[in-house]
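Colleague: quick one, structure for this:
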Amino acid sequence: MRRTKIVATLGPSTDKPKVLANLISAGLDAARLNYSHGTRNDHAKRARSLRRAAKSQNREIALIADLQGPKIRLERFHSGPIHLEEGDEFIIDADLKADAGDEHHVGVTYKALPRDVHEGDTLLVDDGRIILKVEHVDGNAIETVVLLGGELSNNKGVNREGGGLSAKALTHKDRQDLKHAVGIGADYIAVSFPRTAKDIHDARRLIEKAGSNAGIIAKIERAEAIEHAEEIIRAADGIMIARGDLGVEIGDSRLPPVQKQLIDLARHCHRIVITATQMMESMIEHPMPTRAEVFDVANAVLDGTDAVMLSAETSIGKYPEKTIEAMARICRESEKEWPDNQAELLLDATFGRVDQAIAMSTIYCANRIKVTAIAALTETGATTKWMSRIRTDIPIFALSGVTETLRKVNLYRGVQPIAFDISDVDYTEVTAGVLEQLRKRGVVDHGDKVIITKGDMLGHIGGTNGMKIVTVGDFVEHVA
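Modeller: Here you go, the predicted structure:
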């Protein structure tokens, strides 16, 4: 059973008939709607299509709405792309009309950019393919000299090397998109370009005001976010290591160690972590990944990421199904080498909640006796999230009657959701019912040991207070 989850971005390629169903069959665990592209109507249609396709396969797929954030872009060139040579002078002018760009100057979407940059700063355009050095700022005109030239076309992104741009994480568009995402049933909202925990708290208030309990994924893509990583992680429900803009701001050589540090920190803080950007980029055009991409996915798995994410590979790529199949194959093979059962024992930890203590005790016991599966009756999924933070190769099953919980836990490493409504089961038959659910799925057989966690007050949020070790066969025969 694959433990690392796969997130795929929906787009024109997944709108084709049967593609979504095939992606789910191939191993899709969560789908991403990218609000940087497409219309709200597009996203609503894709969300409905996802739910229909998932229902047809009796699956619950997490839906992530990824807000655009304050992506800073150059405006447009009136006569098409231009070519910049090293040493050329070029002006970014916040007062210039949107379509008035030429070989001498161009406008910019972020009108405060001239206030955020200073003489000597380096601006990285189009993911660093073009590099400009700021020579002078004259009012709203940023006068630069080209350090690295090339073709420059419309709407390319701009970053300041080292970060430091003051744009707020939630723009007016983001606030409207957030309301829309809540309305179409998003399970997670991804906040782009947060700088501090305040950005996450602001998003949380907006989500709650909209009447949702959607989780928040903080996208780590600013240099400042690295400095405030722990506070951002603790404020959110998880993070996405967005290696595109992050790599531009901190430099590509720093990305590998930063990725590993962020994964470790997220797990330590009991938060989920998604590793993203260009994981299998070549498969946009080709049916097989490069060896470097194979190693990239494998290293993220070995680092302990909860999920690996596909962007253009599935949204506009030629081979979305083959891409997910390849990623699933790499994850399964890599997991064989992950040192599971070398648990971070947390022997010196003090737990503030009973259900957290039960979760940690469960994994400790499961890793030391021959247990086939762990089954947690859960309302919110918190118990299984804590379980998934400690390394184990024993499958964890989240049994819940709450649909939103079943979808959310599908992002947790090693956790599989099972729809199980305890209101339909007599209290005395709950254990037998749980084992029957596992047996029907071929997870356990007669004589296997299973650890079950539940609360005395079934259906009560945060009420998990018990763990029992049972043997299949002692209970299943009592199920009518």
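
Colleague: only C-alpha atoms for contact and neighbour calcs from this point on.
Modeller: Will do.

Colleague: residues contacting the most centrally placed residue in the chain?
Modeller: Geometric centre of the chain, nearest residue: Ile274, 4.0 Å, by C-alpha atoms, centre = their mean. Contact partners of Ile274, counting by C-alpha atoms under 8 Å, 6 or more residues apart in numbering, are Gly238, Ile239, Met240, Ile241, Thr305, Asp306, Ala307, Val308, Met309.

Colleague: name the nearest of these relative to Thr453.
Modeller: Asp306 (22.2 Å; C-alpha to C-alpha).

Colleague: residues near the closest one, how many?
Modeller: When neighbours are defined as other C-alpha atoms under 10 Å, Asp306 has 28 of them.

Colleague: which residue is the nearest non-sequential neighbour of it?
Modeller: Arg413 (4.5 Å; C-alpha to C-alpha, 6 or more residues apart in numbering).

Colleague: repeat that for Asp245.
Modeller: Once flanking residues are discounted, Asp245 sits nearest to Glu221: 5.3 Å by C-alpha to C-alpha, 6+ apart.

Colleague: next, the one you found: phi, psi?
Modeller: phi -140, psi 10 (degrees, to the nearest 10).

Colleague: quick one: the strands in the stretch 201-350 of the chain, in order.
Modeller: Secondary structure of the stretch 201-350 of the chain (DSSP state E, counting those that start in this stretch): strands at 215-220, 238-242, 272-276, 307-310.

Colleague: mind putting those in JSON lines, distance to Arg73 and mean pLDDT included?
Modeller: As requested, the strands of the stretch 201-350 of the chain are exported to JSON lines (distance: least, C-alpha to C-alpha, whole Å; pLDDT from 0 to 100):
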{"stretch": "strand 215-220", "distance to Arg73": "18", "mean pLDDT": "98"}
{"stretch": "strand 238-242", "distance to Arg73": "18", "mean pLDDT": "97"}
{"stretch": "strand 272-276", "distance to Arg73": "21", "mean pLDDT": "98"}
{"stretch": "strand 307-310", "distance to Arg73": "23", "mean pLDDT": "98"}
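
Colleague: Throw those strands into CSV and include distance to Asp199, thanks.
Modeller: Below are the strands of the stretch 201-350 of the chain laid out as CSV (distance: least, C-alpha to C-alpha, whole Å):
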stretch, distance to Asp199
strand 215-220, 9
strand 238-242, 13
strand 272-276, 18
strand 307-310, 23
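
Colleague: which of those strands sits closest to His118?
Modeller: Across those, closest to His118 is strand 215-220 (C-alpha to C-alpha), at 24.6 Å.

Colleague: the closest one vs strand 238-242, what angle?
Modeller: Note on geometry: by axes from the mean of the first three to the mean of the last three C-alpha atoms, to 10 degrees, strand 215-220 and strand 238-242 are set 30 degrees apart in direction.

Colleague: tell me the contacts of the residue nearest to Asp306?
Modeller: So Arg413 contacts Arg3, Thr4, Lys5, Thr305, Asp306, Ala307, Ser388 (C-alpha under 8 Å, 6+ apart).

Colleague: quick one: buried ones out of these?
Modeller: Among those, those buried by neighbour count (16 or more other C-alpha atoms under 10 Å) are Arg3, Thr4, Lys5, Thr305, Asp306, Ala307, Ser388.

Colleague: residues in contact with the third one?
Modeller: Think Lys5. Counted by C-alpha under 8 Å, 6+ apart, Lys5 has contacts Leu28, Asp29, Ala30, Asp306, Ala307, Val308, Asn410, Leu411, Tyr412, Arg413.

Colleague: burial count for the residue nearest to His83 when sequence neighbours are not counted?
Modeller: In space, and not counting its chain neighbours, His83 is closest to Glu151: 4.4 Å by C-alpha to C-alpha, 6+ apart. Counted by other C-alpha under 10 Å, the residues lying close to Glu151 total 12.

Colleague: measure Glu151 to Leu123 for me?
Modeller: 16 Å (C-alpha to C-alpha, to the nearest Å).

Colleague: okay, and for the protein, where does confidence drop off?
Modeller: 338-350, 427, 456-462, 474-480 (pLDDT under 70).

Colleague: go again using 80 as the cut-off
Modeller: 338-352, 423-428, 456-464, 474-480 (pLDDT under 80).

Colleague: could you chop this protein up by domain?
Modeller: 5-69+168-334, 82-160, 354-478 (automatic domain parsing).

Colleague: let's have those in a markdown table, adding distance to Glu75.
Modeller: Output for the domains of the chain, formatted as a markdown table (distance: least, C-alpha to C-alpha, whole Å):
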| stretch | distance to Glu75 |
| --- | --- |
| domain 5-69+168-334 | 16 |
| domain 82-160 | 5 |
| domain 354-478 | 37 |
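
Colleague: how much space between the nearest residue to Ser212 once chain neighbours are set aside and Ala190?
Modeller: Leaving aside its chain neighbours, Ser212 sits nearest to Val182 (6.4 Å; criterion: C-alpha to C-alpha, 6+ apart). Val182 sits 12 Å away from Ala190, going by C-alpha to C-alpha.

Colleague: just the helices from the stretch 301-450 of the chain, written as ranges.
Modeller: Under the criterion DSSP state H, counting those that start in this stretch, the stretch 301-450 of the chain contains helices at 312-315, 320-335, 354-366, 382-388, 403-408, 430-440.

Colleague: could you dump those into TSV and include distance to Lys198?
Modeller: Below are these laid out as TSV (distance: least, C-alpha to C-alpha, whole Å):
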stretch	distance to Lys198
helix 312-315	30
helix 320-335	35
helix 354-366	26
helix 382-388	23
helix 403-408	23
helix 430-440	41
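
Colleague: of those, which approaches Ile374 most closely?
Modeller: The nearest among the helices of the stretch 301-450 of the chain, by C-alpha to C-alpha, is helix 354-366 at 7.8 Å.

Colleague: need phi/psi at Arg76.
Modeller: Dihedral angles (degrees, to the nearest 10) for Arg76: phi -110, psi 160.

Colleague: pull the number of nearby residues for it.
Modeller: Neighbour count for Arg76, taken as other C-alpha under 10 Å: 22.

Colleague: relative to Gly352, how far out is it?
Modeller: Taken as C-alpha to C-alpha, the span from Arg76 to Gly352 is 55 Å.
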